[in-house]
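J.: I would like to see how this sequence folds:
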Amino acid sequence: MHAVDTTLLVVAAIFVVGAAGEAIFRKTGLPDVIWLITVGIALGPVAGLVATADLLAIAPLFAAITLVVVLFQGGSQLQLGDLTSALLRALLLSFAGFALVVLGMTALVLLGAAVGLLPESWGLLHGLLLGSILGGSSSVVVMPAMALARVEPRLTNLVSLESAFTDVYCVVGASVTTDLILARASSGNPGLALAGSFGIAIGLGLAAGMLWVVLMNRVAKGEHAYTFTLAALLGLYVLVGQLQGSAALAVLTFAVVVGNAPTLGRWLHLKRERHLSSELTVVHAQIAFIIKSFFFTFIGLMLGPPWPLLFLGVAGGIGLYLARRLTVRVVLAGSSWSRAHRAVVVACLPRGLAAGVLATLPAATGVPDTEMLPPFVFAAVVTTVVVFAIAFPRARSGLARGALPAEQRPAEGPSE
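T.: As a prediction, the model looks like this:
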């Protein structure tokens, strides 16, 4: 069979698996991404139809487009009233979880180097680097899954905001640590870098979003509404990145502003009501589905030798789950969240896009002995996705069976 025909059949198969996976998710709660990763494993490590080296060249571009599309879809569905109540808890959950993962991965790296599973040159900074890469849940997995599951808004907002914040922590943490290893920023201040990244992203995201709200009836409702919107998102992503801000957080901020256009339009006393057109949201949902399908197939394709690193990555993924349980127990202690709600939050730990992109960053920037980092990271990513696939349906079922609204429940103590 001709190579073009083979490629077309593979693309068709990915689309079918992605659509079938969403249908299965709605009925069983089993996340659709697990099937896409399986297809990637079958095409790459098993059948050898795609070479890993060929994929590494397109990884940054592919990941950036995926991030922009999925964050816009998720962020535009978040409502300001719900976000206000979830903001503080999301900040606590994201920071505590990130810090615990960084400490745990640092210990794992030091142990792995001591017993010969990792390069002897790997030390404390390499542990901090790996912890930063794997420190946050994936908005690409969490946001679409919560939307499909139709979980109550306060729960959706908590884990969606958390995943957006940890994307920022991961990007800033990995970038700063990489520079420290290369001795380019030994006098830098990571805390100042993080604050600057947040400030630039939120400021420009707000400004661009408000401008889009004002122009929405003229620009974003015509024949090429989606084309203009996607162009604005990509331009914002590049601009914020060039200014050393968090491009992901800027896109999310823009999406939240545009998604709340009716409310903001009334605040600004605009004469005509602003809102995203139904045509635009339908087109974007289809584009997001296509890109997400390719991305998680890509993750499966990237798995491969050396096998000891894959096994160590699986152990790291299990450790991420244990750290998640501890973080949720501590952060939600004494709150009104029921056991079923906490189980859902615990399940929302999967790593994905940010980890996949950042795993290739150190080697690309010249950090020695990091060429074998991707197998470890991808194995940990797949492990957390498998844990999510097992835990999320159970947690969702428990929530549907007996969780009462918060106002009807007495406050709970720290015990689960």
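J.: Could you report the distance from residue 99 to residue 131?
T.: Separation of residue 99 from residue 131 (CB to CB, to the nearest Å) stands at 9 Å. For every residue, glycine as well, the C-beta is placed using N, CA and C.
J.: where in the stretch 151-300 of the chain is pLDDT low?
T.: Along the stretch 151-300 of the chain, the parts satisfying pLDDT under 70 run over 183-191, 193-194, 216-223, 265, 267-279.
J.: centroid residue for this structure?
T.: In the chain, the residue lying closest to the centroid (CA atoms, centre = their mean) is residue 138, at 2.2 Å.
J.: Run a quick neighbour tally on residue 388.
T.: When counting by other CB atoms under 10 Å, one arrives at 27 neighbours for residue 388.
J.: Buried residues of stretch 150-168, list them for me.
T.: Under the neighbour-count criterion of 16 or more other CB atoms under 10 Å, stretch 150-168 has 151, 153, 155-168 buried.
J.: correct me, but the residue nearest to the centre of the chain touches residue 353?
T.: Yes. Look at residue 138 against residue 353 with CB atoms under 8 Å: they come within range, at 5.6 Å.
J.: any residues in contact with both of the two?
T.: residue 167 (CB atoms under 8 Å, 6 or more residues apart in numbering).
J.: Now do the contacts for the residue nearest to the centre of the chain.
T.: So residue 138 contacts 163, 167, 350-355 (CB under 8 Å, 6+ apart).
J.: now do residue 293
T.: Contact partners of residue 293, counting by CB under 8 Å, 6+ apart, are 14-15, 17-18, 36.
J.: Equivalent analysis for residue 140, please.
T.: Contacts for residue 140 (CB under 8 Å, 6+ apart) come out as 66-67, 70, 292, 295, 352-353.
J.: and the longest helix anywhere in the chain, which residues are buried?
T.: Ranked by number of residues, the top helix in the chain under DSSP state H is helix 80-115. Within helix 80-115, the residues that count as buried by 16+ other CB under 10 Å are 82-83, 86, 89-90, 93-98, 100-102, 104-106, 108-109, 112-113.
J.: returning to that earlier point: mind putting the contacts of residue 293 in JSON lines, neighbour count included?
T.: Shown next, in JSON lines, are these (neighbours: other CB atoms under 10 Å):
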{"residue": "14", "neighbour count": "21"}
{"residue": "15", "neighbour count": "14"}
{"residue": "17", "neighbour count": "18"}
{"residue": "18", "neighbour count": "22"}
{"residue": "36", "neighbour count": "24"}
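J.: could I get these as JSON lines with pLDDT and secondary structure?
T.: Shown next, in JSON lines, are these (pLDDT from 0 to 100; DSSP: H, G, I helix; E, B strand; the rest coil):
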{"residue": "14", "pLDDT": "86", "secondary structure": "helix"}
{"residue": "15", "pLDDT": "85", "secondary structure": "helix"}
{"residue": "17", "pLDDT": "88", "secondary structure": "helix"}
{"residue": "18", "pLDDT": "84", "secondary structure": "helix"}
{"residue": "36", "pLDDT": "86", "secondary structure": "helix"}
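J.: Among the residues you listed, which one lies nearest to residue 288?
T.: Using CB to CB, residue 18 comes nearest to residue 288 of those, at 10.9 Å.
J.: ok, now how distant is that closest one from residue 285?
T.: Noted for residue 18: a distance of 13 Å to residue 285, by CB to CB.
J.: Residue 251 now?
T.: In terms of CB to CB, residue 251 sits 16 Å off from residue 285.
J.: ok, those two, which is more surrounded?
T.: residue 251 (28 against 13).
J.: Give the closest residue to that one in space, chain neighbours not counted.
T.: residue 71 (4.7 Å; CB to CB, 6 or more residues apart in numbering).
J.: just the contacts of residue 293 now: which is nearest residue 261?
T.: Ranked by distance to residue 261 (CB to CB), the contacts of residue 293 are led by residue 18 at 29.6 Å.
J.: Surely that closest one and residue 288 touch.
T.: No. Using CB under 8 Å, residue 18 is not in contact with residue 288, being 10.9 Å away.
J.: tell me the mean pLDDT for the host helix or strand of residue 378?
T.: Taking DSSP states H and E as the definition, residue 378 sits inside helix 373-402. Average pLDDT, helix 373-402: 84.
J.: Relative to the whole chain's centre, how far out is that helix?
T.: Mean C-alpha position of helix 373-402 versus that of the full chain (CA atoms, centre = their mean, to the nearest Å) differs by 13 Å.
J.: Give me the neighbour count for the closest residue to residue 386 other than its chain neighbours.
T.: Excluding the flanking residues, the one nearest residue 386 by CB to CB, 6+ apart is residue 34, at 6.7 Å. Using other CB under 10 Å, residue 34 is surrounded by 20 other residues.
J.: I figured residue 34 hits residue 387, correct?
T.: No. Residue 34 is beyond contact range of residue 387, at 10.4 Å (criterion: CB under 8 Å).
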